[in-house]
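K.L.:
structure for this input, please:
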Amino acid sequence: MPVRHFSRTGSHRRAMMRNLVTSLIEHESIITTHAKAKETQKLADKLISLTKKDNITQAKVDAGEDLFKLKTTIPKLFQDLRTRFAKREGGFTRVLRLEPRLGDRAEQSIVELVDGPKEMKLWMTARVVARLQLQNLPVDDLTQHNVDKLIQFRAGGQEEFDALVERCKKEFYRDGKSEDLKNLPPPAENMRKPYTGYKLVKGFKVMPRPTKE
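P.N.:
Numbering: from 1, shown residues only. Purely as a prediction, here's the structure:
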């Protein structure tokens, strides 16, 4: 696979990637262009994989070649993140696309560490479930599948997710009577073609949600 140079010399590109992955380890999520997010994801996955090596001393030396702020990033990588990802063989990071950047319309993305308190997809999914519960609508199979994947490796994952759903109800929908609730479900009549029955999405049956009265 060709290496993206981002119109930089080799040394400048390496310094840029070290800065990005250092920020990711420190803050657990960063926003950058989509191309840089994908490169940062690959480097972060490589660094986290080093924490699973038998020779931890050498692994720390190798990791230090791709990081800045070693007094904070190395301990977090080999203590906090090593413990968090002990049961994972891969998939330590996730890239989520955002709308194009204002001005130059460059593609933007979030790259984040999974299973952490700032995990954007966990919050997004909790908000969806909160809205469905307030509307007395069932959680469809695809959404439940996403929930199961998100909490699979979290200690007390179901309890944490349920608490987050309740928090989302208060943060986003106040008393459950917010006018926003009427606009979130896609009305069946707004679809391009008349639709009845179930739609198959990634192998899951998904029923278009009805218009809320």
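
K.L.:
could you confirm residue 24 falls within a strand?
P.N.:
No: under DSSP: H, G, I helix; E, B strand; the rest coil, residue 24 sits outside any strand and is assigned helix.

K.L.:
report the contact partners of it.
P.N.:
Neighbour list for residue 24: 30, 40, 44, 93, 111-113 [criterion: C-beta atoms under 8 Å, 6 or more residues apart in numbering]. (Glycine included, C-beta is placed from N, CA and C.)

K.L.:
of all those, which comes closest to residue 102?
P.N.:
Closest approach to residue 102 among these (C-beta to C-beta): residue 30, at 18.0 Å.

K.L.:
which SSE is the closest one in?
P.N.:
Per DSSP states H and E, residue 30 falls inside strand 29-33.

K.L.:
and residue 105, which of the three is it?
P.N.:
Applying three-state DSSP: residue 105 is coil.

K.L.:
what pLDDT does the residue nearest to residue 173 when sequence neighbours are not counted get?
P.N.:
Nearest residue to residue 173, sequence neighbours excluded (C-beta to C-beta, 6 or more residues apart in numbering): residue 134, at 5.8 Å. Note for residue 134: predicted pLDDT of 90.

K.L.:
so what does residue 134 look like in phi/psi?
P.N.:
Backbone torsions of residue 134, given as degrees, to the nearest 10, read phi -70, psi -30.

K.L.:
near it, how many other residues are there?
P.N.:
Per other C-beta atoms under 10 Å, the neighbour tally for residue 134 reads 18.

K.L.:
so which of the contacts of residue 24 are in helices?
P.N.:
40, 44 (DSSP state H).

K.L.:
and which of the contacts of residue 24 is nearest residue 166?
P.N.:
For the contacts of residue 24, the nearest to residue 166 is residue 112 (22.8 Å; C-beta to C-beta).

K.L.:
check contacts around that closest one.
P.N.:
24, 28-30, 93-94, 96, 118-121.

K.L.:
output the contacts of residue 24 in TSV; the columns should cover pLDDT.
P.N.:
As requested, those are arranged in TSV below (pLDDT from 0 to 100):
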residue	pLDDT
30	97
40	97
44	98
93	97
111	97
112	98
113	98
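
K.L.:
which of the contacts of residue 24 sits closest to residue 144?
P.N.:
residue 112 (22.0 Å).

K.L.:
sorry, back to before: what are the pairing partners of the strand holding residue 30, and which direction each?
P.N.:
strand 108-113 (antiparallel) (DSSP bridges).

K.L.:
and the partner strand, how far out from the chain's middle?
P.N.:
Relative to its parent chain, strand 108-113 has a centroid offset of 7 Å by C-alpha atoms, centre = their mean, to the nearest Å.

K.L.:
ditto for stretch 111-128
P.N.:
5 Å.

K.L.:
now do stretch 129-146
P.N.:
Distance of stretch 129-146 from its chain centroid, counting by C-alpha atoms, centre = their mean, is 19 Å.

K.L.:
for residue 128, what are its contacts?
P.N.:
Counting by C-beta under 8 Å, 6+ apart, residue 128 touches residue 143.

K.L.:
roughly how far does it sit from residue 31?
P.N.:
Distance from residue 128 to residue 31, counting by C-beta to C-beta, to the nearest Å: 22 Å.
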